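**Q** Let's see this in three dimensions:
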Amino acid sequence: MGSKNCPETPRQKMIGMMYLVLTALLALNVSKDILNAFIVVNNATESTNKNFTTKIDETYEQLRKAAENDSIRVGEYYRKALLISKASDELVKYVETMKDTLFFIVDGIPVDEVRKQHKSLEDMSSKDNYDKPTTFFINNRRAYDMSKKFREYKAQLVKIYDDSTFTLDNNILTSSLQVDKKYIQDKMEVDWETATFNRTVAAATYTLLNKAINEIKNIEFETVNLLKSSIGAASFKFDEVVAKVIPNSRIVFAGDAYEADIIVAAFDSKLPISVYYGSGRDTATADHIGSLKEEVGIGVVKLKIPTSAVGDQKFAGFIRMKNPKGETVDYGFKSSYTVTKPAAAVAAEKMNVFYAGIPNPVAIAAPVAPERLRINWGGASATTTGPGKYDVNVPATLAGREITIEVSAEIDRKITPMGKTVFRIKKVPAPDVFIGAGITGGKQAKDIVLANPFLVAKMPPDFNYILPWTVVSYKVTFVKNGVEDAPITINGPQFSDQVKNKIQSATSGMIIEFSDIVIKSIAGQQNISKVYSIRIR
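**A** Below is the predicted model of the structure:
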């Protein structure tokens, strides 16, 4: 069926949330803590991939049993399912090879050794290296080979499914492995390959490869499930009934509610059911009914559990219903979810202050995608330079004051405050002025001065921004035996011929003064009041 007839499933929403977390983490300044955060997210993604594999295998097993019982009606569906399994396994194996190769690229460990020792992201030494991954995936175009394989995989599934209702526009195929989407970086439109792998640290690259595996398994699972649902309900019945917990999300902000659908697979949607459940338990049976909560519904029960405590939570219960014979039967279920506090990190990438008049690079990270963030810049303005990255421009009128950057997230049409950070605003400090390469004054041989016939302005070493200055003009005054010549005005940094000639003819003891120095940069124009002088020896 087309995407307009195939709304996003709760499972796809769960996978989508994992993608949002990964994308947001890419916006962080790469510190040790952030690299450790990548390990946590990567481990969670690998765990999800294992769980997905188990669920996919269960679906294949159901089809296998069904094909054994009714090969005429089910055999063709099972054959298609096996082809989907083969195509998916091959693509997963390819991405796994990319992960192992990444180890070799950044740490120099042979691929065979990486596999033999079961290396994971925690074992990677050069997690913060981005040059080598960029060279491999962008310059050597491996990212483009990967995106091509993703497109070929989707086309192969359409061919295997072989039904006019299942095309490349189907929501199952468009909601994952979105390699044709365009991104804006540095005010330019870039492709998926550049946005994902260009200058991305190894830890993030490794995590993104695991995220790709997650999306492959998601596509496989949803495609096989769609294939299974295509089997005529009137002519085929599955041989078991199971309870299903389908959460809208397994990550919940404190104060919000955990929401899930509790359903009975393969039963009439008009069938009355009762759901008994309790929090903080692994099992629940009819013997516990006195301590359980009850919800009733027709076919589906919408479960909503209020949350407060942060951390991993679990619950269990059972569905009570009538079977076709009119007998009361119970089907148990259990599930878990994670409650987290809304939080956002606003990190100035250069210093813990902003300077008025120049771009101040900032990274903002939260457990949602950057496009879902709503940011109040506190009187400043900002331009996007990448996912979660901004250049903040503060007007000179705010120098000496503070601004507060407030971050919120829009999720399911609800605005949730994520956090705020206060920054001090300073004026850009005056640069140091040098005669030539590094002369600031004192006694100098005239040959040395003539070898450095210009002025230059440089920011102090402890200023962490790259801020070039241009010398606009200055005055040169020659003083001999206490008598000053008329000042010579120079436009631009270079000495004029007149100044060079006077230096060439200068005798020992003559003083040369540089004053009224005017410089400019993107921070504006400054007049240097300090007088720099040298004495010819």
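
**Q** What are the neighbouring residues in contact with the nearest residue to residue 294 once chain neighbours are set aside?
**A** Of all residues not flanking residue 294 in the chain, residue 276 sits nearest, at 5.4 Å (CB to CB, 6 or more residues apart in numbering). All C-beta atoms are positioned from the backbone trio N, CA, C, and that covers glycine. Taking CB atoms under 8 Å, 6 or more residues apart in numbering, we find residue 276 in contact with 284, 288-289, 292-294, 317-318, 320.

**Q** and if we set it to 7 Å?
**A** Neighbour list for residue 276: 284, 289, 292, 294, 317-318, 320 [criterion: CB atoms under 7 Å, 6 or more residues apart in numbering].

**Q** Pull the distance from the host helix or strand of residue 209 to the chain's centre.
**A** Using DSSP states H and E, the secondary-structure element containing residue 209 is helix 202-229. Taking CA atoms, centre = their mean, to the nearest Å, one finds helix 202-229 lying 17 Å from the centre of the chain it belongs to.

**Q** same thing with stretch 520-534?
**A** 42 Å.

**Q** Could you export that stretch as CSV, CA atoms only?
**A** Extracted as CSV, the C-alpha positions of stretch 520-534 are listed here (Å, rounded to 0.1, in the frame of the first residue of the first chain):
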residue,chain,number,x,y,z
LYS,A,520,39.8,47.4,11.9
SER,A,521,38.1,44.0,11.8
ILE,A,522,34.6,42.5,11.7
ALA,A,523,34.4,43.7,15.3
GLY,A,524,34.7,47.3,14.1
GLN,A,525,37.4,49.9,14.1
GLN,A,526,39.8,50.7,17.0
ASN,A,527,42.2,53.5,17.7
ILE,A,528,45.3,52.4,19.6
SER,A,529,46.3,55.1,22.1
LYS,A,530,49.6,53.4,23.0
VAL,A,531,52.8,54.8,21.4
TYR,A,532,55.3,52.2,20.3
SER,A,533,58.9,53.4,20.0
ILE,A,534,62.3,52.0,19.1
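
**Q** what's the average pLDDT for that stretch?
**A** When pLDDT is averaged along stretch 520-534, the result is 90.

**Q** same question, stretch 316-333
**A** Confidence for stretch 316-333, expressed as mean pLDDT, is 80.

**Q** in that stretch, what's buried?
**A** Buried positions in stretch 316-333, judged by neighbour count with 16 or more other CB atoms under 10 Å: 316-321, 330-331, 333.

**Q** do stretch 393-407 as well
**A** By 16+ other CB under 10 Å, the buried positions in stretch 393-407 come out as 393-394, 398-399, 403, 405-407.

**Q** can you tell me which of the residues you listed are in strands?
**A** Secondary structure of the buried residues of stretch 393-407 is defined by DSSP state E; positions in strands are 393, 403, 405-407.

**Q** Any chance of TSV for the residues you listed, columns distance to residue 39 and pLDDT?
**A** Putting these into TSV (distance: CB to CB, whole Å; pLDDT from 0 to 100) gives the following:
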residue	distance to residue 39	pLDDT
393	35	91
403	34	90
405	28	88
406	30	90
407	24	87
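
**Q** In TSV: these, plus distance to residue 170.
**A** Output for those, formatted as TSV (distance: CB to CB, whole Å):
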residue	distance to residue 170
393	44
403	47
405	41
406	40
407	35
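
**Q** what's the closest of the buried residues of stretch 316-333 to residue 158?
**A** Nearest to residue 158, judged by CB to CB, of the buried residues of stretch 316-333 is residue 333 at 34.1 Å.

**Q** how much space between that closest one and residue 283?
**A** Using CB to CB, to the nearest Å, residue 333 is found at 10 Å from residue 283.

**Q** Residue 107 too?
**A** Shown here: residue 107 relative to residue 283, a distance of 45 Å by CB to CB.

**Q** Show me which of these two is the more surrounded one.
**A** A count of neighbours by other CB atoms under 10 Å puts residue 107 above the other of residue 107 and residue 283, at 17 against 12.

**Q** Can you report how many residues lie near residue 308?
**A** 7.

**Q** what's the spacing between it and residue 417?
**A** Counting by CB to CB, the gap from residue 308 to residue 417 is 17 Å.

**Q** Equivalent analysis for residue 132, please.
**A** 39 Å.

**Q** of those two, who's got more company?
**A** Applying other CB under 10 Å to residue 132 and residue 417 shows that residue 132 carries more neighbours, namely 17 against 13.

**Q** and that one, that one's in a helix?
**A** Yes. Assessed with DSSP: H, G, I helix; E, B strand; the rest coil, residue 132 lies in a helix.

**Q** Is it correct that it is in contact with residue 108?
**A** No. With contact defined as CB atoms under 7 Å, residue 132 does not reach residue 108; the gap is 10.0 Å.

**Q** shaky segments in the stretch 401-537 of the chain?
**A** For the stretch 401-537 of the chain, the stretches with pLDDT under 70 are 411-412.

**Q** how about the strands of it, start to end?
**A** Remark: strands assigned in the stretch 401-537 of the chain by DSSP state E, counting those that start in this stretch are 402-411, 414-426, 432-435, 442-444, 455-458, 470-480, 483-484, 488-491, 511-521, 524-528, 532-536.

**Q** what do you get for the stretch 51-200 of the chain?
**A** The residue ranges that make up the strands of the stretch 51-200 of the chain, judged by DSSP E, counting those that start in this stretch, are 183-185, 188-190.

**Q** who does the last one touch, helix- and strand-wise?
**A** Right, the one you point to is strand 188-190. When contacts are defined as 3 or more CB pairs under 7 Å, 6 or more residues apart in numbering; DSSP states H and E, strand 188-190 packs onto no helix or strand at all.

**Q** Can you list the strands that it pairs with?
**A** For strand 188-190, the paired strands and their directions (DSSP bridges) read strand 183-185 (antiparallel).

**Q** got the buried residues for the partner strand?
**A** For strand 183-185, the neighbour count (16+ other CB under 10 Å) marks residue 185 as buried.

**Q** What average pLDDT does that strand get?
**A** Strand 183-185 shows a mean pLDDT of 80.

**Q** got the contact list for it?
**A** 190, 195, 384, 386.

**Q** got those as a markdown table, with distance to residue 509 columns?
**A** As requested, the contacts of strand 183-185 are exported to a markdown table (distance: CB to CB, whole Å):
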| residue | distance to residue 509 |
| --- | --- |
| 190 | 63 |
| 195 | 65 |
| 384 | 59 |
| 386 | 58 |
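
**Q** Can you tell me which of those is nearest residue 121?
**A** residue 195 (21.2 Å).

**Q** And stretch 507-516, what's buried?
**A** Residues of stretch 507-516 classed as buried under the neighbour-count rule (16+ other CB under 10 Å) are 510-514, 516.

**Q** What is the end-to-end distance of it?
**A** As for stretch 507-516, its first-to-last residue distance stands at 25 Å under the measure CA to CA, to the nearest Å.

**Q** circling back: and the helix holding residue 209, what does it pack against?
**A** Here helix 202-229 touches helix 10-25, helix 32-69, helix 71-107, helix 142-161, helix 171-174, going by 3+ CB pairs under 7 Å, 6+ apart.

**Q** list the helices and strands the fourth one packs on?
**A** Going back to what we said before, that points to helix 142-161. So helix 142-161, by 3+ CB pairs under 7 Å, 6+ apart, packs with helix 71-107, helix 192-197, helix 202-229.

**Q** Which parts of the stretch 201-350 of the chain are strands?
**A** Remark: strands assigned in the stretch 201-350 of the chain by DSSP E, counting those that start in this stretch are 243-247, 251-253, 257-264, 272-279, 293-298, 300-306, 311-322, 328-340, 345-348.

**Q** Nothing else from me, thank you.
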